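Enquirer: Just need the structure, nothing else, for what follows:
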Amino acid sequence: MRRSLPYSFCLLLFAFCLLPFPPSLLALPAGASDAPTFNQLFPIFAKANCRACHNAAGVASATRLHFPEGEIAPADLEAFGRSLAVLVDRAHPDASPLFLKPTNRVKHTGGKLIAPESPEEEVLLAWVRYLARTGPGVSAPPSAGKAAPALLRRLTHSQYNRTVRDLLGDQTGPAGQFPPEDFVNGFKNQADAQSIPALLAEAYGAAAENLARNAFRGGDLHRLVPCKPSPACRAQFVREFGLKAFRRPLSAKEVERYSGLMAKERDFVKGAQLVVEAMLQSPAFLFHAEARGPYQSASRLSYFLWDTMPDGALFRAAASGQLATPAGIEKEARRLLDDPRARSALDEFVGQWMRFDRVLTTIKDRRLFPMFNPELAAAMAEETRLLIADAVWNDRDFMSVFSAEHGFLSADLAGLYRFPVPPGEYARVNFPAASDRAGLLGQATFLSLTSKPEETSPTARGLFVREQFLCQHVPDPPPGINSNLPPLTEARPLTNRERLAGHLSQPMCATCHNLIDPIGFGLEKFDAIGARRERLKLTFLPGRKEAQRKPSTVELDLDTRGSIGGIPNSEFASPKELGRVLAASRQCQECVVKQVFRYGFGRLETPADKPLIQAVYERFRASGFRFREMLVALATASAAE
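Expert: Next up is the predicted model:
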């Protein structure tokens, strides 16, 4: 999670930004015109919210202007201001990008942030001219920052279910009864959101009791006890079961403590059941550490690639020191990726990245979309899962998931897409050239989950592309903004492009909507459940007092021209064309790496992670964008952290 300025400083800066900027305040002090300070310009940038986009994860992440992250010391702030000389034309300062972009004299993706001929512009121009006179200036303060601390990560619900399956042979999926997990940074496994509230602690206790009882129901059917029941066997059971439950060897004190607990029961099996119940509630079971060490490396590798605990071979590799080198890690990573458990782990990542939860729980107006039902929603998610799995496990270019002109369709999906019924359920089907479908953007999963119950949402579609496929954070709308669109009436029917034009006329809204709405406009050929349409069909249903009146329909022409601000030559008019743009975009390619990093490491990347991510990206690209090679690269790179 990004570090921000101190709260007190933010309040002061916010209050300052609300004040008007009279020329007398903004003008340079007498006698200081040759040596202005960046402290005069920074509040203007802050008021314009430049920092929200010009950062490592912002919409302007691909530009040369990145504001420092975290707290900014005065000296570092001044150094950053001087580093902006790279955006200044020394021979023609008034033609510098640093001056022309924020004033929108040259097209700026963020729009006009500083009004021409305003006092704020005078301060900006004074700084630009000063940088032109003083030369290239000093480098920006180092942005690498501190490396992220080693995390203590709680088992996610899916990891809990898979771990008790592999540890106890239990297939009941007890975590399905736990309180739901929140999505943070796009995933449900982020360390910052992994507290244990009272309800979850209670659920862990009940699950541990049931799992321990079931493990020995009818005797030791799962062969958890490694020796003939006897007093000497207690310590052996504690050591061997504890190694698997805690994913590391137990200390002598731990063996003594759990052996003593087991001895309180005269019946050996009941004592073993008590130990299992206690261990399943221990932090050593519920959490796994990202710290260095062979057993920690084994857990990190198995939960990254399998979403479950290490197997016997991985434990042995840890014990023998084979995980002490990147080569040893890579060898085990490749072995794990050849195991079926890697496929279910990939499905978990895909389901969260593509937000299957939204499409599986979405509600559509049945009067407008009578064919939409839970079965169709499940088929949508399955098509997406199969497209990505096909690219990963058949070692295809992963970027083809954005541009592939084929899908894996059920009969229901074929009906929605108006294609012939496939020869089998989820058979591979090549899309007709005129369908305008291709890849993830042309699938009903994406088109449905980014729509409203009764209509499409260009804003939601554009936001999803920015955040999930370009890893760009779009700032939240200012508080108090009315985001409601003009209502649709029979007397004044409008397309979404026409309705959203109102947002673009409001300066506080236009900056962000200019970044996301044009993406969604290019996808308007497809309705709220992903069916193709040539024109917008608006159906006006009778109200309760108009029961005798029949529904009326109005059809409007669609303008489906779209573009992605910040990506050159990114104009498109269909999901197929957008998919090609994304597949060829380095920003999208790097975003795939970042999304897997966030999921695998349980946190957002920091400036200190940039070398690692770049190294993994280069290996990913050199492999022809083979996803498995990227997983191996991330696994081995993390070993050297």
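
Enquirer: State the distance from Thr163 to Asp307.
Expert: The gap separating Thr163 from Asp307 is 9 Å, by CB to CB, to the nearest Å. C-beta here means a position set from N, CA and C on the backbone, and glycine is covered the same way.

Enquirer: next one: Pro226
Expert: To Asp307, Pro226 is 26 Å away according to CB to CB.

Enquirer: neighbour-wise, which of those two wins?
Expert: Regarding Pro226 and Asp307, a neighbour count based on other CB atoms under 10 Å identifies Asp307 as having more, with 23 against 11.

Enquirer: Hmm, that one is touching Arg341, no?
Expert: Yes. Taking contacts as CB atoms under 8 Å, Asp307 lies within contact range of Arg341: 7.5 Å.

Enquirer: Now list whatever residues contact both of these two.
Expert: Where contact means CB atoms under 8 Å, 6 or more residues apart in numbering, the residues bridging Asp307 and Arg341 through contact with each are Arg162.

Enquirer: Point out where the stretch 451-600 of the chain drops to low pLDDT.
Expert: Per-residue confidence for the stretch 451-600 of the chain (pLDDT under 70) gives these ranges: 480-483, 505, 507-508, 544-548.

Enquirer: show me where it has helices.
Expert: Listed in chain order, the helices found in the stretch 451-600 of the chain under DSSP state H, counting those that start in this stretch are 458-464, 496-504, 507-521, 575-584, 586-601.

Enquirer: And those helices: which comes nearest Glu254?
Expert: For Glu254, the closest of the helices of the stretch 451-600 of the chain is helix 586-601, at 28.1 Å, according to CB to CB.

Enquirer: who touches the closest one?
Expert: Applying CB under 8 Å, 6+ apart, the external contacts of helix 586-601 come out as 61-62, 148, 151, 185-187, 189-190, 290, 304, 349, 352-353, 398-399, 402, 468-472, 566-567, 582, 604-605, 609, 612-613, 616-617, 620-621, 625, 627, 630-631, 634, 638.

Enquirer: Quick check: which ranges of the protein have low pLDDT?
Expert: Along the chain, segments meeting pLDDT under 70 span 1-35, 62, 70, 135-150, 480-483, 505, 507-508, 544-548, 638-641.

Enquirer: Give me the domain ranges for it.
Expert: Under automatic domain parsing, the residue ranges defining each domain of the chain are 7-134, 152-349, 351-476+493-584, 589-639.

Enquirer: okay if I get the ones you listed as a markdown table plus distance to Leu485?
Expert: As requested, the domains of the chain are exported to a markdown table (distance: least, CB to CB, whole Å):
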| stretch | distance to Leu485 |
| --- | --- |
| domain 7-134 | 20 |
| domain 152-349 | 26 |
| domain 351-476+493-584 | 4 |
| domain 589-639 | 29 |
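
Enquirer: which one of those domains is the most hemmed in?
Expert: Mean neighbour count, computed with mean count of other CB atoms under 10 Å, is highest for domain 589-639 among those, reaching a mean of 20.

Enquirer: Give me the distance from that domain to the chain's centre.
Expert: Relative to its parent chain, domain 589-639 has a centroid offset of 14 Å by CA atoms, centre = their mean, to the nearest Å.

Enquirer: same check, this time on stretch 521-537
Expert: In terms of CA atoms, centre = their mean, the centre of stretch 521-537 is found 26 Å from the chain centre.

Enquirer: repeat for stretch 155-164
Expert: With CA atoms, centre = their mean as the basis, the distance from the averaged C-alpha position of stretch 155-164 to the chain average is 21 Å.

Enquirer: if we can go back for a sec, closest one to Pro487 among the domains of the chain?
Expert: domain 351-476+493-584 (9.0 Å).

Enquirer: distance between the ends of the closest one?
Expert: Using CA to CA, to the nearest Å, the end-to-end distance of domain 351-476+493-584 comes out at 24 Å.

Enquirer: contacts for the strand or helix carrying Asp412?
Expert: Element membership of Asp412 [criterion: DSSP states H and E] is helix 411-417. Contacting residues not belonging to helix 411-417 are listed as 371, 375-376, 379-380, 383, 407, 409, 420-422, 425, 429, 435, 437, 444, 529-532 [CB under 8 Å, 6+ apart].

Enquirer: In strands, which of those fall?
Expert: For those, membership in strands holds for 407, 409, 429, with DSSP state E as the criterion.

Enquirer: In terms of secondary structure, what does the helix ranked longest in the chain contact?
Expert: Of all the elements of type helix in the chain, the one with the most residues (DSSP state H) is helix 374-393. Helix 374-393 sits against helix 340-353, helix 356-361, strand 406-409, helix 411-417, helix 444-449, helix 627-639, with contacts defined as 3 or more CB pairs under 8 Å, 6 or more residues apart in numbering; DSSP states H and E.

Enquirer: ok, now which ones touch Ala115?
Expert: Under the criterion of CB under 8 Å, 6+ apart, the neighbours of Ala115 are 103, 121.

Enquirer: Now do the helices in the stretch 101-250 of the chain.
Expert: With helices called from DSSP H, counting those that start in this stretch, the stretch 101-250 of the chain shows them at 119-134, 157-168, 198-215, 231-246.

Enquirer: Quick one: closest of the helices of the stretch 451-600 of the chain to Asp76.
Expert: Among these, the nearest to Asp76 by CB to CB is helix 586-601 (25.6 Å).

Enquirer: pull the CA atoms of the closest one into PDB?
Expert: The C-alpha atoms that make up helix 586-601 are tabulated as PDB, following Å, rounded to 0.1, in the frame of the first residue of the first chain:
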ATOM      1  CA  ARG A 586       4.300  -2.800 -22.900                       C
ATOM      2  CA  GLN A 587       2.100  -1.300 -20.200                       C
ATOM      3  CA  CYS A 588      -0.300  -4.200 -20.400                       C
ATOM      4  CA  GLN A 589       2.500  -6.800 -20.600                       C
ATOM      5  CA  GLU A 590       4.200  -5.300 -17.500                       C
ATOM      6  CA  CYS A 591       0.800  -5.200 -15.800                       C
ATOM      7  CA  VAL A 592       0.400  -9.000 -16.200                       C
ATOM      8  CA  VAL A 593       3.700  -9.300 -14.200                       C
ATOM      9  CA  LYS A 594       2.600  -6.800 -11.600                       C
ATOM     10  CA  GLN A 595      -0.800  -8.600 -11.100                       C
ATOM     11  CA  VAL A 596       0.900 -11.900 -10.500                       C
ATOM     12  CA  PHE A 597       3.500 -10.200  -8.200                       C
ATOM     13  CA  ARG A 598       0.600  -8.600  -6.200                       C
ATOM     14  CA  TYR A 599      -1.100 -12.000  -5.900                       C
ATOM     15  CA  GLY A 600       2.000 -14.000  -5.100                       C
ATOM     16  CA  PHE A 601       3.500 -11.600  -2.700                       C
END
